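Asker: Structure of the sequence below:
(one chain, ligands or ions: 1)
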Amino acid sequence: MSDQNIVIIGAGHAGGRAADALRTAGYTGAVTLCGEERHPPYERPPLSKELLFGAIPHEKTYLFPEAYYAEKNIALKLGVAVTAIDRQAQRVTFADGSTLPYDALMLTTGARARRLPLPGGDGPRVFYLRDIDDTLALREKLGEGTRLAIIGAGFIGLEIAATARKRGVSVTVIELAALPLARVAAPEIGEYMAQLHRGKGVDLRTGVKVTAIEDTGSELRIMVEGGEPIVADYAAIGIGAQPNVELAQQAGIECKDGIVVDQFGHTNDPKIFAAGDVTRHLNPLLDRHVRLEAWQNAQNQAIAVAKVMAGGDQPFSEVPWFWTDQYETNMQMAGAPDRWDRVVWRGEPTDPGFTLFQLLDGRVVAAVTINNARDMRFGRMLIQSGKIVDPAALGDKNTKLQDLVR
Ligand SMILES: Cc1cc2nc3c(=O)[nH]c(=O)nc-3n(C[C@H](O)[C@H](O)[C@H](O)COP(=O)(O)OP(=O)(O)OC[C@H]3O[C@@H](n4cnc5c(N)ncnc54)[C@H](O)[C@@H]3O)c2cc1C
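Answerer: Numbering: from 1, shown residues only. Below you'll find the predicted structure:
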């Protein structure tokens, strides 16, 4: 492997972890990590939390100190996008016209914030949040008393709302669905989060459809169907992310809302692998392909695929896991269910902490903890085991979860 040449496209969380994991796995050939952003690989979770609040400098989000890459003999090519992959010639082309050959390629191009496809969705007072520069630009606007309208009550929208409230911003959240987190969480959790935010002074408006954003020059008028415009100084859009698949698509790599890979990260080209948010990967535990936008997946899938590229044979196989922090509330979710037929509460929503399980045919398919992280480990184990569980025991806090796993 020492004379091999691996090129990684996308110097984000997955790309950075993959480069490091190649070295840890003993791979001694060339590694070039290519990213279009000017920053070295960094973690995104603090972007809508500590960095937006102003509690940390942006360098704190970096995966490794910049000098680390040189120490590990990893070439960093930053600030320039890869624009084409020539699979026949095994060569990539950059926006500046330069090219680079590869023996094996890893695609970790991640995802980007979905743009609001409405008039005014790209105006100067409208912000999106995907990278460090987005956060720094929005942060500058979040002063005491500023009026911020957030469109979308998914994780990013709610995290921005929580951070903005902590900075004294007056926040209105506008959501089309009847509840927050409608695409990703059980309605019981959406209801809980709605109450949390309303209790912190957020004007949360659900079931409201935005039709346009008008910029008067001094403020925004968010036009909504069947109601008065919502007036704000700025808007932040959190309506989901879309995978950066175009480069792969143009090269003829199979994509389906994500680059399609197996549990080893193989695409339909044996020389090309992929990991992170950009993939729709086979999860052997769930027995289906999933596309996840989560820290754990970016990190661990990238490491697993890098090990395969370095000669290993272990699949990436984990129960999906995600967390979010809003105000003093920590929420964790395991599983990625597309359906369930029953929920079981372990604790009450009025308790300081509780867990909600989602079951299908008697098996746990998801676990959500609110300020109750200690249940998460066993929640994941229950999902992984696929065991039929007694709902009464599951909901009884006097029954140890580990006893149900056994
Ligand atoms: C604001 C925010 C908060 C989050 N909070 C949480 C959280 O609390 N918990 C959690 O579990 N997850 C969270 N996530 C999700 C998590 O950060 C992502 O899942 C993770 O960053 C994905 O890593 P990635 O490397 O696949 O993609 P990315 O981190 O998006 O990196 C992809 C990189 O590839 C680059 N790139 C794309 N195309 C090209 C090209 N053609 N040439 C060169 N470079 C290219 C991009 O510029 C980018 O730098 C959050 C995400 C965001 C945006």
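Asker: At the contact with the ligand, which residues of this structure appear?
Answerer: Counting by C-beta under 6 Å from any ligand atom, the chain comes close to the ligand at 9-15, 34-37, 44-45, 47-48, 81-82, 108-111, 129-130, 156, 244, 247, 276-278, 293-296, 298, 322-324. In this view, the C-beta of every residue, glycine as well, is placed from N, C-alpha and C.
Asker: and these, which of them are in helices?
Answerer: Using DSSP state H, the subset of the residues of the chain next to the ligand located in helices is 13-15, 156, 247, 295-296, 298.
Asker: Could you check how many residues crowd around G16?
Answerer: Neighbour count for G16, taken as other C-beta atoms under 10 Å: 29.
Asker: ok, it touching P41?
Answerer: Yes. Applying C-beta atoms under 8 Å as the test, G16 and P41 come out as touching, 2.7 Å apart.
Asker: what's the closest of the ones in helices among the residues of the chain next to the ligand to R342?
Answerer: Sorting those by how near they are to R342, with C-beta to C-beta, puts Q296 at the top with 26.0 Å.
Asker: in the stretch 251-400 of the chain, what spans have low per-residue confidence?
Answerer: The stretch 251-400 of the chain contains no residues with pLDDT under 70.
Asker: in it, what residue is nearest the ligand?
Answerer: As assessed by C-beta to the nearest ligand atom, the ligand sits closest to G276 within the stretch 251-400 of the chain, at 2.3 Å.
Asker: That residue reaches G110, doesn't it?
Answerer: Yes. In terms of C-beta under 8 Å, G276 counts as a neighbour of G110; the distance is 5.8 Å.
Asker: so what's in contact with these two at the same time?
Answerer: Common neighbours of G276 and G110 (criterion: C-beta atoms under 8 Å, 6 or more residues apart in numbering): 10, 12-14, 298.
Asker: what's the offset of the host helix or strand of A19 from the middle of its chain?
Answerer: Taking DSSP states H and E as the criterion, A19 maps to helix 13-24. With C-alpha atoms, centre = their mean, to the nearest Å as the basis, helix 13-24 stands 18 Å off its chain's centre.
Asker: That helix packs against which elements?
Answerer: strand 5-9, strand 30-35, strand 74-78, helix 295-309 (3 or more C-beta pairs under 8 Å, 6 or more residues apart in numbering; DSSP states H and E).
Asker: Would you mind giving the domain segments of this protein?
Answerer: 5-112+241-309, 115-237, 337-405 (automatic domain parsing).
Asker: Could you find the closest non-adjacent residue to the residue nearest to the spatial centre of the chain?
Answerer: By C-alpha atoms, centre = their mean, the chain has its centre lying nearest to E293, at 3.2 Å. Spatial nearest neighbour of E293, chain neighbours left out: D277 (5.0 Å); criterion: C-beta to C-beta, 6 or more residues apart in numbering.
Asker: What degree of burial does the one you found show, as a neighbour count?
Answerer: 26.
Asker: so where do the helices sit in the stretch 301-406 of the chain?
Answerer: 376-385, 391-394, 401-405 (DSSP state H, counting those that start in this stretch).
Asker: how much space between the residue nearest to the centre of the chain and G110?
Answerer: Computed with C-beta to C-beta, to the nearest Å, the distance linking E293 and G110 is 9 Å.
Asker: which residues are common contacts for these two?
Answerer: Joint contacts of E293 and G110 (C-beta under 8 Å, 6+ apart) are D277.
Asker: Can you name the element that comes right after whichever strand or helix holds T172?
Answerer: Using DSSP H and E, the element containing T172 is strand 170-175. Counting by DSSP H and E, the next helix or strand C-terminal to strand 170-175 is helix 187-199.
Asker: Just the residues contacting that following helix, thanks.
Answerer: 153, 158, 161-162, 173, 179-182, 185, 204, 206, 326-327, 329, 331, 343, 345, 349, 356, 368, 370.
Asker: now with 7 Å?
Answerer: Here helix 187-199 makes contact (C-beta atoms under 7 Å, 6 or more residues apart in numbering) with 158, 161, 173, 179-182, 204, 326-327, 329, 343, 349, 356, 368, 370.
Asker: Could you give the number of residues near whichever residue of the stretch 101-250 of the chain sits closest to the ligand?
Answerer: When scored by C-beta to the nearest ligand atom, the stretch 101-250 of the chain has G110 as its residue closest to the ligand, at 2.3 Å. G110: 24 surrounding residues under other C-beta under 10 Å.
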